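Undergrad: can you look at this prediction? I've put the sequence above it.
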Amino acid sequence: MTARIDHTTTSGTFSLDGGTWDVENNVWVVGDDEQCVVIDAPHDAAPIAELIGERTLLAVLCTHAHDDHVTVAPELADRFAAPVYLHPDDVELWRMTYPEGEFFPLADGQTFPVAGIELEVVHTPGHAPGAVCFRAADLDAVFTGDTLFQGGPGATGRSYSDFDTIVASIRSRLLTLPPATVVHTGHGPDTTIGDEAAGADGWTKPE
């Protein structure tokens with residue numbers, strides 16, 4: 001069977017630095033009819049579980065530990081007997097939501113086989129210290145969480161984030177991918193590496 005990308009959105013809130021904002025998050029499920037992985041687990045387990053269906057869930061892969069991306073990660077892990085993976089540089093953010101919860105560590109260059117393809121971990125700090133992207137070269141796709149959106153870098157105005165770091169990550173780790181690579185983001189519409197590279201000279205640090 002051929003690997004495919006399934007998608008849904010969930011709505012909820014994001015809280016950090018004493019503020020709370022309403023957000024809508026993308027959820028990506030990569031696999032075939034037999035097995036899959038989930039990339040980010042925000043807000044509500046029900047629509048994610050519906051996408052998984054009767055398949056074997058191999059892992060819940062977190063692009064970073066902001067609470068809107070990991071809201072139901074342990075719940076899904078328990079329900080489907082699957083491990084949660086997160087880059088260890090995000091442990092402080094993780095502990096804000098799950099003081100006792102555990103996860104398995106992600107490492108740059110690590111690969112996850114699923115449905116005959118591989119997802120490669122690409123460490124892209126900046127939006128969060130442990131932010132990662134997952135590249136699926138066989139699908140001409142990369143899942144960027146909140147690192148890269150249509151129109152440029154993710155937000156860096158809150159704790160644990162840095163504009164210069166995120167731009168360096170994007171330029172060195174993402175814009176070097178083939179221009180036709182589809183960028184599946186954590187919020188909002190898809191884009192491509194080529195489209196974002198074309199506008200990269202205009203990226204400026206927010207005031």
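TA: Cool, the structure landed.

Undergrad: could you give the number of residues near residue 159?
TA: By the criterion of other C-beta atoms under 10 Å, residue 159 has 10 neighbours. C-beta here means a position set from N, CA and C on the backbone, and glycine is covered the same way.

Undergrad: distance of it relative to residue 93?
TA: 9 Å (C-beta to C-beta, to the nearest Å).

Undergrad: do the same with residue 67
TA: 8 Å.

Undergrad: which of these two has more residues huddled nearby?
TA: residue 93 (23 against 19).

Undergrad: which helix or which strand is home to that one?
TA: Assigned by DSSP states H and E, residue 93 falls within helix 91-97.

Undergrad: this structure: helices as residue ranges?
TA: Per DSSP state H, the chain carries helices over the ranges 45-52, 67-70, 73-80, 91-97, 163-169, 193-198.

Undergrad: got JSON lines for the ones you listed, with distance to residue 19 too?
TA: What follows is the helices of the chain, written out as JSON lines (distance: least, C-beta to C-beta, whole Å):
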{"stretch": "helix 45-52", "distance to residue 19": "25"}
{"stretch": "helix 67-70", "distance to residue 19": "12"}
{"stretch": "helix 73-80", "distance to residue 19": "22"}
{"stretch": "helix 91-97", "distance to residue 19": "13"}
{"stretch": "helix 163-169", "distance to residue 19": "19"}
{"stretch": "helix 193-198", "distance to residue 19": "28"}
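
Undergrad: CSV please, covering those and showing distance to residue 120 and mean pLDDT.
TA: Converted to CSV, the helices of the chain look like this (distance: least, C-beta to C-beta, whole Å; pLDDT from 0 to 100):
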stretch, distance to residue 120, mean pLDDT
helix 45-52, 22, 98
helix 67-70, 19, 98
helix 73-80, 20, 98
helix 91-97, 22, 97
helix 163-169, 15, 98
helix 193-198, 15, 98
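
Undergrad: quick one, which of these gets closest to residue 145.
TA: Comparing the helices of the chain by their distance to residue 145 (C-beta to C-beta), the top pick is helix 67-70, with 6.8 Å.

Undergrad: just the buried positions in the closest one, please.
TA: For helix 67-70, a neighbour-count test (16 or more other C-beta atoms under 10 Å) marks 67, 68, 69, 70 as buried.

Undergrad: the third one contacts residue 38, doesn't it?
TA: No - the criterion here is C-beta atoms under 8 Å, and residue 69 misses it with residue 38 at 11.1 Å.

Undergrad: follow-up on the earlier one: using a markdown table, lay out the buried residues of helix 67-70 together with distance to residue 172.
TA: What follows is the buried residues of helix 67-70, written out as a markdown table (distance: C-beta to C-beta, whole Å):
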| residue | distance to residue 172 |
| --- | --- |
| 67 | 28 |
| 68 | 26 |
| 69 | 23 |
| 70 | 26 |
